[in-house]
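S.K.: next one to model:
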Amino acid sequence: MPLHAKSADGERLAVHTMTTKPLSLAEAAEAYASRGIGGISVWVETLAGLTNSAAKQIIDDAGLKVPALVRGGFFCAANEHDRQERVDHNRRLIETAAALEAEMLVLVVGALPGQPLDVQRGWVRDGIEGLLAEAQSSGVKLAIEPLHPMYAADKSCINRITEARQICEAIDDAQVGVAVDVYHVWWDPELSDEIRRLGETNRIFGFHLCDWRVPTRDLLTDRALMGDGCIDIAGIRGEVEAAGFEGWNEVEIFSEEHWASDQGEYLDKIVERYRTATSAAGH
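M.R.: This next block holds a predicted model:
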């Protein structure tokens with residue numbers, strides 16, 4: 001496929017740079033574009049050694065759009081001074097997101113072992129409220145990403161869409177919404193209702209794709225390629241789209257197995273599985 005050719009639905013397919021962790025930003029941008037992938041969600045680690053302007057030039061040269069800068073957040077800390085430092089760090093990330101013309105900054109909110117989760121969710125709300133002025137002035141949206149309950153102790157005190165939605169409603173600002181990652185929320189018996197409720201207020205900002213391997217060999221770095229696990233990805237995508245979501249379908253896979261493979265062949269599989277394993281007939 002020639003460089004910059006668009007695959008079917010390629011304008012809505014994006015890949016996170018962490019999915020192809022061995023590739024530099026320049027390598028990833030060229031590889032994505034050559035396969036008709038329209039978007040690149042940039043992890044901050046991929047920007048190491050690059051100025052914002054240099055990174056933006058790489059992305060522009062490949063003809064790609066940036067759905068998201070990943071990841072900000074991590075608001076939870078034991079004292080107010082440390083929490084304020086984390087808010088300040090997120091302000092700088094919003095500046096980076098704006099420089100890359102990213103639609104949103106994805107927030108993995110953090111967690112502090114031994115602290116009540118409801119208290120920590122208050123810290124998260126406070127932290128996001130501290131970023132509203134920058135989000136509004138820059139146009140960068142803030143997308144809260146619930147993480148699977150296995151991460152509740154030390155990575156995220158928000159583990160269901162319910163908690164993310166409640167914070168969005170409490171803040172009540174159009175710049176604050178939710179990133180729905182199938183890996184983290186597929187198990188939730190209230191998932192369909194929560195997706196519908198998010199759609200009623202236009203709060204679905206992002207939609208992340210991968211699969212849950214059975215059996216899972218590692219709870220962080222053994223995510224599966226779409227179709228190689230047990231998640232009803234097509235069903236969830238259908239619900240998200242029925243709720244009004246028209247944004248990017250972002251492939252986000254942490255996998256030691258896939259990182260060790262040929263990244264070109266891996267991307268070819270991602271494009272093929274996006275077509276065959278993530279959408280119901282008629283999409």
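S.K.: so, low pLDDT: which residues of the stretch 151-283 of the chain?
M.R.: The stretch 151-283 of the chain contains residues with pLDDT under 70 at 280-283.
S.K.: how about the helices of it, start to end?
M.R.: 161-171, 182-185, 191-200, 233-242, 256-259, 263-277 (DSSP state H, counting those that start in this stretch).
S.K.: and the residue nearest to Ile167 when sequence neighbours are not counted, what element?
M.R.: Once flanking residues are discounted, Ile167 sits nearest to Arg125: 5.2 Å by C-beta to C-beta, 6 or more residues apart in numbering. Where C-beta positions appear, they are placed from N, C-alpha and C, glycine not excepted. Arg125 belongs to helix 117-129 when elements are defined using DSSP states H and E.
S.K.: other SSEs contacting the helix or strand just after that helix?
M.R.: Later in the chain than helix 117-129, the nearest helix or strand by DSSP H and E is helix 132-138. Where contact means 3 or more C-beta pairs under 8 Å, 6 or more residues apart in numbering; DSSP states H and E, helix 132-138 is packed against helix 80-99.
S.K.: need the contact partners of the helix it packs on.
M.R.: 44, 47, 52-53, 55-56, 68-69, 72-77, 104-105, 107, 110, 123, 126-127, 130-131, 134-135, 138-140 (C-beta atoms under 8 Å, 6 or more residues apart in numbering).
S.K.: now with 6 Å, please.
M.R.: Helix 80-99 is touched from outside by 52, 69, 72, 74-75, 77, 105, 123, 127, 130-131, 134, 138, 140, with contacts defined as C-beta atoms under 6 Å, 6 or more residues apart in numbering.
S.K.: let's have these in CSV, adding distance to Pro116 and neighbour count.
M.R.: Output for those, formatted as CSV (distance: C-beta to C-beta, whole Å; neighbours: other C-beta atoms under 10 Å):
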residue, distance to Pro116, neighbour count
Asn52, 38, 14
Leu69, 30, 24
Gly72, 23, 29
Phe74, 18, 19
Phe75, 15, 29
Ala77, 15, 18
Leu105, 26, 28
Trp123, 11, 22
Gly127, 17, 24
Gly130, 21, 17
Leu131, 23, 25
Glu134, 29, 21
Ser138, 33, 18
Val140, 31, 27
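S.K.: now do the SS call for Gly49.
M.R.: coil (DSSP: H, G, I helix; E, B strand; the rest coil).
S.K.: return the residues in contact with Leu25.
M.R.: If you count contacts by C-beta under 6 Å, 6+ apart, then Leu25 has 46, 55, 58 around it.
S.K.: make JSON lines from those and add pLDDT and neighbour count to it.
M.R.: Below are the contacts of Leu25 laid out as JSON lines (pLDDT from 0 to 100; neighbours: other C-beta atoms under 10 Å):
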{"residue": "Thr46", "pLDDT": "98", "neighbour count": "23"}
{"residue": "Ala55", "pLDDT": "98", "neighbour count": "21"}
{"residue": "Ile58", "pLDDT": "98", "neighbour count": "20"}
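S.K.: pick the most deeply packed of the helices of the stretch 151-283 of the chain.
M.R.: Sort those by mean neighbour count, taking mean count of other C-beta atoms under 10 Å, and helix 182-185 sits at the top with a mean of 23.
S.K.: any idea how far that helix is from the chain center?
M.R.: 11 Å (C-alpha atoms, centre = their mean, to the nearest Å).
S.K.: list the contacts of that helix.
M.R.: With C-beta under 6 Å, 6+ apart as the test, helix 182-185 has contacts from 146-148, 161, 191, 210, 223, 231, 233, 236.
S.K.: out of the contacts of Leu25, list just those in helices.
M.R.: With DSSP state H as the criterion, helices contain 55, 58 from among the contacts of Leu25.
S.K.: including distance to Gln175, could the contacts of Leu25 go into TSV?
M.R.: Formatted as TSV, these follow (distance: C-beta to C-beta, whole Å):
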residue	distance to Gln175
Thr46	24
Ala55	23
Ile58	27
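S.K.: which one among the contacts of Leu25 gets closest to Lys269?
M.R.: Thr46 (20.9 Å; C-beta to C-beta).
S.K.: hang on, the earlier thing: looking at the contacts of Leu25, which one is closest to Asp173?
M.R.: Once C-beta to C-beta is applied, the member of those that ends up nearest Asp173 is Ala55, at 27.8 Å.
S.K.: my guess is that closest one meets Thr46, correct?
M.R.: No. With contacts counted by C-beta atoms under 6 Å, Ala55 stays clear of Thr46, the gap being 8.2 Å.
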